[in-house]
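Asker: what's the 3D shape of this:
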Amino acid sequence: YQQTDQYKQTKAAQEAHRLALRKMGDEQLYLHTAWKCTKDRARRDNIINEFDTFKQFWNLWVRQKQKHGYRCPYSGQQMTFIYWNFDSGFARPATNISVDQIVPRLGYTRAIGRRKSNVILCTWGANVAKNNLTPDVMRNILDVYDNGIKDLSMQPHELGPLKLRKQMIIDPASFIKEDV
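Answerer: Take a look at the predicted model:
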C-alpha cells in the first residue's frame, strides 16, 4: 500500500488545520480530546465510562452550557480551551476545561432516566482542588465552615459530622505547667 502525494498533502493540510484550531482554542476539538482521555482513563483504571460516543459527551457539554454558560459550576470562573502539553514550556492553564467525576471512582456515568450524571465539566484548577473529596466530606467541611465548633466542652459524639474519637481530643489543661 503506497500513499499518493495528493493524499499526503491532504493529510498534512488536515493536521495543520487541526493544530491551528488547537492553538486558537477550538471548543469541539478540545472536548473531543477530553472525551478520548476519559475513555483511556476509564480503561486504565478499570472504571465505568458510559459515554460511548463523542455525541453523548458533547450533549452533556451543551446541557451544562445552557445552565452555566462558559463558567465553572464549582468556581464560577470563565473556562478556557487553551492547547497545552507537558512539552509546551508553560504552566497548564488553571481555567482550562477538565472532566470531573463528582463522586470519585464512580466512573463516567451519564444521566439516564432519574439517575444523575457523575460527570461535570469544570476548570482544571477546581478539579485539582476538589481532588478525591466525596460529597459527604465536602458537606462536613461546609458544616464546619458555616457552624464551626461552638462549644469545646461537647463530647466527641456530639460533634456531629466530625465524629472525633476521645483519644484525638487534647485537653488544654494538660499543657499548663503547674509550679510545684
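Asker: so which residues of the protein form strands?
Answerer: Applying DSSP state E to the chain gives strands spanning 97-101, 119-123.
Asker: could you dump those strands into a markdown table with mean neighbour count and mean pLDDT added?
Answerer: Any C-beta I mention is one placed from the backbone N, CA and C, and that applies to glycine too. As requested, the strands of the chain are exported to a markdown table (neighbours: other C-beta atoms under 10 Å; pLDDT from 0 to 100):
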| stretch | mean neighbour count | mean pLDDT |
| --- | --- | --- |
| strand 97-101 | 22 | 95 |
| strand 119-123 | 22 | 95 |
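Asker: for residue 17, give me the pLDDT.
Answerer: pLDDT, residue 17: 69.
Asker: re earlier: which of the strands of the chain sits closest to residue 137?
Answerer: strand 97-101 (14.3 Å; C-beta to C-beta).
Asker: which residues are in contact with that closest one?
Answerer: Taking contacts as C-beta atoms under 8 Å, 6 or more residues apart in numbering, the residues outside strand 97-101 that touch it are 30-31, 34-35, 37-38, 74, 79-81, 107-108, 118-124, 126-128, 130.
Asker: now the helices for this protein?
Answerer: 5-24, 27-45, 54-68, 124-130, 135-147 (DSSP state H).
Asker: ranked by average pLDDT, which of those falls at the bottom?
Answerer: Among those, helix 5-24 scores lowest, at a mean of 73.
Asker: just give me how far stretch 36-51 sits from the chain centre.
Answerer: 14 Å (C-alpha atoms, centre = their mean, to the nearest Å).
Asker: name the residues that touch it?
Answerer: So stretch 36-51 is contacted by 35, 56-57, 60, 99, 105-110, 112, 119 (C-beta under 8 Å, 6+ apart).
Asker: ok, now which ones touch the residue nearest to residue 109 when sequence neighbours are not counted?
Answerer: Among residues not flanking residue 109 along the chain, residue 118 sits closest, at 4.3 Å (C-beta to C-beta, 6 or more residues apart in numbering). Taking C-beta under 8 Å, 6+ apart, we find residue 118 in contact with 101-103, 106-109.
Asker: again with residue 65
Answerer: With C-beta under 8 Å, 6+ apart, residue 65 has no contacts at all.
Asker: can you report how many residues neighbour residue 105?
Answerer: Residue 105 has 11 neighbouring residues, counting by other C-beta atoms under 10 Å.
Asker: next: the one 5 residues further on.
Answerer: Per other C-beta under 10 Å, the neighbour tally for residue 110 reads 18.
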